[in-house]
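Asks: Pasting the sequence and the predicted model now:
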Number of protein chains: 2
Amino acid sequence: MAVRVDLNISLDGFATTTDQTPENPMGDDWGRLVDAYVSTKTFRERVLHDTSGEGTTGVDDEYARAYFDEVGAEIMGAGMFGLHNFPDDPDWKGWWGDEPPFRVPVFVLTHTARPSIEMSGGTVFHFLSATPREALDRALTAADGKDVRIGGGPTVVRQFLKAGLVDRLHVAIAPIILGSGDRLWDDLRGLEADYAVTAETADSGVVHLTFGR
Amino acid sequence: MAVRVDLNISLDGFATTTDQTPENPMGDDWGRLVDAYVSTKTFRERVLHDTSGEGTTGVDDEYARAYFDEVGAEIMGAGMFGLHNFPDDPDWKGWWGDEPPFRVPVFVLTHTARPSIEMSGGTVFHFLSATPREALDRALTAADGKDVRIGGGPTVVRQFLKAGLVDRLHVAIAPIILGSGDRLWDDLRGLEADYAVTAETADSGVVHLTFGR
């Protein structure tokens, strides 16, 4: 029953990208940042519903499998749900598709009350105005003995890290330099003092770093 | 005959530290940043003249040995030489001791002309006011077929990287978050496009990342 974070960051520490344009709404950098992860067999099966059996195996795939293991509830910021994209549409169900990959209760942090949304596959989105501690208590109850993941974005993750609420932080560091975005490590000086840090490299060039306690 | 960089940086990308005080002129963070490197058998022998045979072996020591291999000349900024500490003392020979570990010609970038200084062990400090390209040409001639290292600090390293003059960049990433200092990766967006990037982890928790071409 651990509180976990898994994030993809660049070598210069950015967990978000800034090259979105009206013509290319995702930008190219996001794909480069998460390339090794979305190429795994596990991601393709679990998120893309790709049953071909294709995708990478090895270290990246081990972390992708662990990503979905034993998570009983998720907490995310409003931006990660997609609330900022259509803030005035009460029927907008986020950008995670009809069958989101979470398959557990998801607590979306927002100051605007909204009714919960039940999706296919087990995901139920709840909307909460709460402190990190309060949100975590709700999520731990919902997780019923399993882990809680703080999904993102980086601002939300930093709030939980600074509050000392995270038991395990896993970052997949892509060997690219983005130059701008939200930096995961900002204001976290000395974070390592509360954790044991281990690192492992994948054939993709990604370094998987884990802060555990 | 490659142009090389080797730097120690923190997880958040800082290659310098900021916790120096009059009572603690080096600060504590610098020691934490370079701990794995200065603990190696090679560093102790080569820099501390410690002939006890103590020190770590393994991945960190392999990189420490490679650090000194095949370098025929070095380029560094005035700050790394120590010129900023006693700028008005013409007899100040830098803070590298009577027998500096370089043992090759070292070109110190500064706008103030100074006579060269010959030290014990083969190190000769020359003082140059020059562009990166000009300084490199001088150093390559002096290196006589061996490698040239751009020693630092990070501002000087970034100038050479941005000018496309570096063949191999090795960073030893310590698993600590410093929060302030000079960031190596600033203004280097897309650097990876010109290199193949490989990574290796050491038992110390340090990740050795190499940009090679």
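Replies: Yep, it's here. Residues are numbered from 1 along each chain as shown, chains lettered A, B, ... in the order given.
Asks: how about the longest helix along chain A: buried residues?
Replies: The longest helix of chain A (DSSP state H) is helix A:132-143. The neighbour-count check on helix A:132-143 (16 or more other CB atoms under 10 Å in any protein chain shown) flags A:Pro132, A:Ala135, A:Leu136, A:Arg138, A:Ala139, A:Leu140, A:Ala142, A:Ala143 as buried. Every C-beta, even on glycine, is put in place using the N, C-alpha and C of the backbone.
Asks: Mind telling me what element the nearest residue to the fourth one once chain neighbours are set aside is part of?
Replies: Leaving aside its chain neighbours, A:Arg138 sits nearest to A:Phe107 (5.9 Å; criterion: CB to CB, 6 or more residues apart in numbering or on different chains). Under the criterion of DSSP states H and E, A:Phe107 resides in strand A:105-109.
Asks: which outside residues touch the helix or strand that comes right after that strand?
Replies: Downstream of strand A:105-109, the first helix or strand assigned by DSSP H and E is strand A:117-118. Contact partners of strand A:117-118, identified using CB atoms under 8 Å, 6 or more residues apart in numbering or on different chains, comprise A:Lys93, A:Gly94, A:Val124, A:Phe125.
Asks: And stretch A:172-179, by the same measure?
Replies: Residues contacting stretch A:172-179 (CB under 8 Å, 6+ apart): A:6-12, A:14, A:17-18, A:29, A:32-37, A:60, A:63, A:205-209, B:185-192, B:197, B:199, B:209.
Asks: hang on, the residue nearest to A:Arg138 packs against A:Glu134?
Replies: No - contact criterion CB atoms under 8 Å: A:Phe107 and A:Glu134 do not qualify, at 10.0 Å.
Asks: residue ranges of the strands in chain A, please?
Replies: Per DSSP state E, chain A carries strands over the ranges A:3-10, A:71-77, A:105-109, A:117-118, A:124-128, A:147-152, A:168-174, A:196-201, A:207-212.
Asks: Name the nearest residue to the most centrally placed residue in chain A, ignoring sequence neighbours.
Replies: Nearest to the mean C-alpha position of chain A, counting by CA atoms, centre = their mean, stands A:Gly151 at 3.2 Å. Spatial nearest neighbour of A:Gly151, excluding adjacent residues (CB to CB, 6+ apart): A:Met76 at 4.0 Å.
Asks: need the contact list for the closest residue to A:Ala199 other than its chain neighbours.
Replies: The shortest distance from A:Ala199 to any non-neighbouring residue, by CB to CB, 6+ apart, is to B:Thr201 (4.4 Å). Going by CB under 8 Å, 6+ apart, B:Thr201 touches A:Ala199, A:Glu200, A:Thr201, A:Val207, B:Val59, B:Val207, B:His208.
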